[in-house]
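Asker: Sequence isn't available, so here's the structure alone:
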């Protein structure tokens with residue numbers, strides 16, 4: 001690896017983890033420049049924590065929500081810079097794709113061949129927009145929920161304009177209650193999801209590989225901290241359970257009243273009636289890229 005490339009890798013790792021130059025260089029050397037493996041190595045050594053800085057992403061763009069008669073669609077479209085994301089032509093493009101996603105029930109293959117208001121299809125307009133703006137623009141992901149047996153809600157955090165922003169949520173509740181009866185709960189749950197970023201509804205929805213990887217990191221970190229092997233497993237179990245609780249919606253502390261969990265709020269609200277969180281989608285621009 002050239003010295004320039006090495007310095008670039010070290011700088012990137014420092015930005016992600018907040019760890020010093022020397023430790024970052026050692027990690028880069030040991031992993032042959034693999035940033036993800038370097039992050040894991042630093043965590044195992046107890047030098048880096050899984051903090052918010054590790055979630056930094058470079059991608060920009062917008063999320064847009066469209067809804068009609070309890071049907072909701074949400075799309076994320078990425079650009080290279082925030083400057084482009086604020087461009088009016090880009091915003092109009094995002095809004096129109098969101099409406100097409102609602103019309104085509106979230107089927108990306110149908111969206112791409114659909115005509116937009118200028119009578120060109122989405123793929124053609126995407127090429128034209130890239131050529132005009134001079135940045136890579138991608139339709140990254142979309143979500144759709146219909147009205148079958150569920151009451152649906154959406155929330156856009158700090159919206160740039162109506163239903164357009166950097167972070168949005170779709171929530172589906174299975175209940176016999178009407179949307180007006182569920183309105184306050186649906187709004188509060190959507191805002192909670194936006195703020196607390198759960199990965200799944202409950203433990204069963206977590207990816208087993210994600211859980212196993214976290215367990216591996218926790219155990220290695222404890223070993224490197226000099227903890228007695230006899231208590232490592234017990235401490236690791238406690239830390240892993242905290243990870244699971246922090247990342248599953250029903251087990252998360254309720255953002256409005258941290259003394260309660262989300263599952264407690266659902267139970268209090270529903271009483272003897274059946275109320276279930278059927279699904280949720282949370283799109284934050286660039287997250288995971």
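Answerer: The structure has been received and is ready for your questions. Please read these numbers as outputs of a predicted model, since none were measured by experiment.
Asker: Quick check, residue 81 in contact with residue 134.
Answerer: No: using C-beta atoms under 8 Å, residue 81 makes no contact with residue 134, being 10.2 Å away. Glycine gets a C-beta too; all of them are placed from N, C-alpha and C.
Asker: Mind checking which of these two has more residues around it?
Answerer: residue 81 (14 against 8; other C-beta atoms under 10 Å).
Asker: Surely residue 35 touches residue 12?
Answerer: Yes: look at residue 35 against residue 12 with C-beta under 8 Å: they come within range, at 6.0 Å.
Asker: Which of the three states applies to residue 214?
Answerer: helix (DSSP: H, G, I helix; E, B strand; the rest coil).
Asker: Now do the contacts for the closest residue to it other than its chain neighbours.
Answerer: Of all residues beyond its chain neighbours, the one nearest residue 214 is residue 243 (5.2 Å), with distances taken as C-beta to C-beta, 6 or more residues apart in numbering. When contacts are counted by C-beta atoms under 8 Å, 6 or more residues apart in numbering, residue 243 touches 211, 214, 218.
Asker: Any idea how many residues pack against the second one?
Answerer: Spelled out, that is residue 214. Residue 214: 19 neighbours (other C-beta under 10 Å).
Asker: I'd say it and residue 237 touch.
Answerer: No: look at residue 214 against residue 237 with C-beta under 8 Å: they stay out of range, at 11.9 Å.
Asker: Could you pull out the strands in this structure for me?
Answerer: Taking DSSP state E to define them, one finds strands in the chain at 60-68, 71-79, 138-145, 151-157, 164-165, 167-175, 275-284.
Asker: Partner strands of the longest one and their direction?
Answerer: I take that to be strand 275-284. Partners of strand 275-284 in the sheet, by DSSP bridges, are strand 167-175 (antiparallel).
Asker: what angle do the partner strand and strand 138-145 make?
Answerer: Put simply, strand 167-175 runs at 20 degrees to strand 138-145, going by axes from the mean of the first three to the mean of the last three C-alpha atoms, to 10 degrees.
Asker: between strand 167-175 and strand 151-157, what angle do the directions make?
Answerer: 160 degrees.
Asker: in strand 167-175, what's buried?
Answerer: By neighbour count on 16 or more other C-beta atoms under 10 Å, the buried set for strand 167-175 is 167, 168, 169, 170, 171, 172, 173, 175.
Asker: Spatially, which residue comes closest to the fourth one, not counting chain neighbours?
Answerer: Leaving out its chain neighbours, the residue that sits closest to residue 170 by C-beta to C-beta, 6+ apart is residue 281, at 4.5 Å.
Asker: State the distance from the one you found to residue 70.
Answerer: From residue 281 over to residue 70 the distance is 15 Å, taken as C-beta to C-beta, to the nearest Å.
Asker: Mind checking which of those two has more residues around it?
Answerer: Ranked by neighbour count (other C-beta under 10 Å), residue 281 and residue 70 place residue 281 first, with 18 against 15.
Asker: That one and residue 167 touch, don't they?
Answerer: No: using C-beta under 8 Å, residue 281 makes no contact with residue 167, being 11.7 Å away.
Asker: Could I get the contacting residues of the nearest residue to residue 176 once chain neighbours are set aside?
Answerer: Nearest non-adjacent residue to residue 176, counting by C-beta to C-beta, 6+ apart: residue 273, 6.6 Å away. Contacts for residue 273 were tallied using C-beta under 8 Å, 6+ apart; they are 175, 176, 177.
Asker: cool, and residue 168?
Answerer: Per C-beta under 8 Å, 6+ apart, neighbours of residue 168: 63, 64, 65, 74, 154, 155, 156, 157, 194, 282, 283.
Asker: can you put the residues you listed in CSV and add pLDDT and neighbour count?
Answerer: Shown next, in CSV, are those (pLDDT from 0 to 100; neighbours: other C-beta atoms under 10 Å):
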residue, pLDDT, neighbour count
63, 97, 29
64, 98, 30
65, 98, 25
74, 98, 27
154, 97, 20
155, 97, 22
156, 97, 22
157, 95, 15
194, 97, 21
282, 97, 22
283, 97, 25
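Asker: who are the neighbours in contact with the nearest residue to residue 190 once chain neighbours are set aside?
Answerer: Nearest non-adjacent residue to residue 190, counting by C-beta to C-beta, 6+ apart: residue 155, 3.6 Å away. By C-beta under 8 Å, 6+ apart, the contact set of residue 155 is 168, 169, 171, 187, 190, 191, 193, 194.
Asker: give me that answer again for 10 Å
Answerer: 65, 165, 167-171, 186-194, 282 (C-beta atoms under 10 Å, 6 or more residues apart in numbering).
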